[in-house]
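**Student:** Here is my input; please provide its structure:
(one chain, ligands or ions: 1)
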Amino acid sequence: MSFQNSVASYPNRGNYGKSSYRGNCTGHIIRDFCESYLKTGGLLVDPSIGGGTSQDVAQAMGINFVGTDLSQGFNLLTDDLGGFVGAEADCVWWHPPYWNMIRYSGNQWGEEANPWDLSQMNINDFTEALILAMMNIHDATKSGGYYGILMGNMRKQGKYYNFSSLIERVAPARLVDEIIKVQHNTMSDSRSYNGKLVRIAHEKLLVFKKEATAALYFLAKTMNRLEQGLKLTWKAAIRRVLQTQKKTWSLAEVYEKIKPFAEQKENEHWKAKVRQTLADERYFKRVDKGVYELVA
Ligand SMILES: C[S@@+](CC[C@H](N)C(=O)[O-])C[C@H]1O[C@@H](n2cnc3c(N)ncnc32)[C@H](O)[C@@H]1O
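**Tutor:** Numbering: from 1, shown residues only. Presented below is the predicted three-dimensional model:
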């Protein structure tokens, strides 16, 4: 069945793949993904098959399929997925490690940790690896095709890691659907949270549509978006400073207040940035030379 709405719940994982492979996903969500986005006769690709769930779903549905994994020698961070498959994918299914929540190499397979394994990296390398892997997947997908990334969030030592949001922000394509998948029978079900923290009981399937452009072009667009976001952040910060009771502000006073924020940004020209931001007449009024107030 195709997805009926943006929430999916599958109490049983179904008889697909190795159920003993830790961090495996239910085959039902892959089946629904194919029924929603894969055209008849289309090719489905999974670069990280783990315990083979997608492979079994494809077989049961009679779908053309190519699947592999780091455990089989294919590395999404050094090998070109499109070249490996030898044809453009109509859909790609990707279920990456949720950082180091479950370590794969040296644990689920192999004798030792593999440095290319996304579950064996520090957080910065993992973030960069996600961006690179997504570009590889994007370029392996046919124009007009789709890729779905199933991602979970985690809490570690009290810190919340919102990986699904990260995927959304850095993906080189347009998000077309977001499916919240309710988690059943996870390890964390049995942990006690002494009422203080909310137990994470969902994952997200983020579905992207590949337009005619290559991933690198989208990366440039993403960077532009981030720079645009940075400009907005500056504006919000200075508006916040001027929101306080005092009516007018000298430049020196604004500098003083904004300094802790500005220094975090490691921008040595931050005073010029403040003056440039204050020139936006929609929000700031210059009442005298070097004196400003917030536009009411
Ligand atoms: C969450 S598991 C996939 C589970 C699978 N969907 C299933 O149902 O069994 C993530 C997989 O990513 C693989 N992986 C980690 N780093 C990789 C890399 N650099 N290239 C390809 N696969 C990688 C791991 O070996 C692991 O099997």
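**Student:** Burial check on G229, number of neighbours?
**Tutor:** Using other Cβ atoms under 10 Å, G229 is surrounded by 10 other residues. Bear in mind the C-beta positions are built from the backbone N, C-alpha and C, glycine included.
**Student:** Kindly confirm my reading that it forms part of a strand.
**Tutor:** No: counting by DSSP: H, G, I helix; E, B strand; the rest coil, G229 is not found in a strand; it is helix.
**Student:** How confident was the prediction at it?
**Tutor:** Note for G229: predicted pLDDT of 77.
**Student:** G195 too?
**Tutor:** The score at G195 is 60. That number is its pLDDT.
**Student:** avg pLDDT for stretch 49-56?
**Tutor:** 98.
**Student:** just stretch 159-175 next, same as before
**Tutor:** Taken as a whole, stretch 159-175 has a mean pLDDT of 91.
**Student:** does any part of it sit near the ligand?
**Tutor:** No: for stretch 159-175, no contact with the ligand is found by Cβ under 6 Å from any ligand atom; the gap never falls below 11.8 Å.
**Student:** That stretch: which residues count as buried?
**Tutor:** Buried residues in stretch 159-175, counting neighbours by 16 or more other Cβ atoms under 10 Å, are found at Y161, F163, S164, L166, I167, E168, V170, A171, P172, A173.
**Student:** list the contacts for V85?
**Tutor:** V85 makes contact with L43, V45, V66, A140, according to Cβ atoms under 8 Å, 6 or more residues apart in numbering.
**Student:** again, 6 Å this time
**Tutor:** V45, V66 (Cβ atoms under 6 Å, 6 or more residues apart in numbering).
**Student:** what's the answer for W94, then?
**Tutor:** Counting by Cβ under 6 Å, 6+ apart, W94 has contacts I137, I149.
**Student:** And the pLDDT for it?
**Tutor:** If you check W94, the pLDDT there is 98.
**Student:** How about the residues of the stretch 1-150 of the chain by the ligand?
**Tutor:** The stretch 1-150 of the chain comes close to the ligand at residues 17, 21, 23-25, 47-51, 53, 69-71, 74-77, 95-97, 104, 116-119, as judged by Cβ under 6 Å from any ligand atom.
**Student:** Tell me the buried residues within those residues.
**Tutor:** Buried among those by 16+ other Cβ under 10 Å: 17, 21, 23-25, 47-51, 53, 69-71, 74-77, 95-97, 104, 117-119.
**Student:** just the helices in the stretch 51-200 of the chain please.
**Tutor:** Under the criterion DSSP state H, counting those that start in this stretch, helices of the stretch 51-200 of the chain are mapped to 53-61, 81-85, 123-140, 163-170.
**Student:** helices and strands around the longest one, which ones?
**Tutor:** Contacting helix 123-140 under the criterion 3 or more Cβ pairs under 6 Å, 6 or more residues apart in numbering; DSSP states H and E are the following elements: helix 81-85, strand 89-94, helix 215-242.
**Student:** Repeat that for the first one.
**Tutor:** The criterion is 3+ Cβ pairs under 6 Å, 6+ apart, and the helices and strands that helix 53-61 contacts are helix 27-37, strand 64-67.
**Student:** between the helices and strands packed on helix 123-140, which gets nearest to R13?
**Tutor:** strand 89-94 (15.3 Å; Cβ to Cβ).
**Student:** Tell me which of the helices and strands packed on helix 53-61 sits most buried.
**Tutor:** Ranked by mean neighbour count under mean count of other Cβ atoms under 10 Å, the helices and strands packed on helix 53-61 are led by helix 27-37, which reaches a mean of 22.
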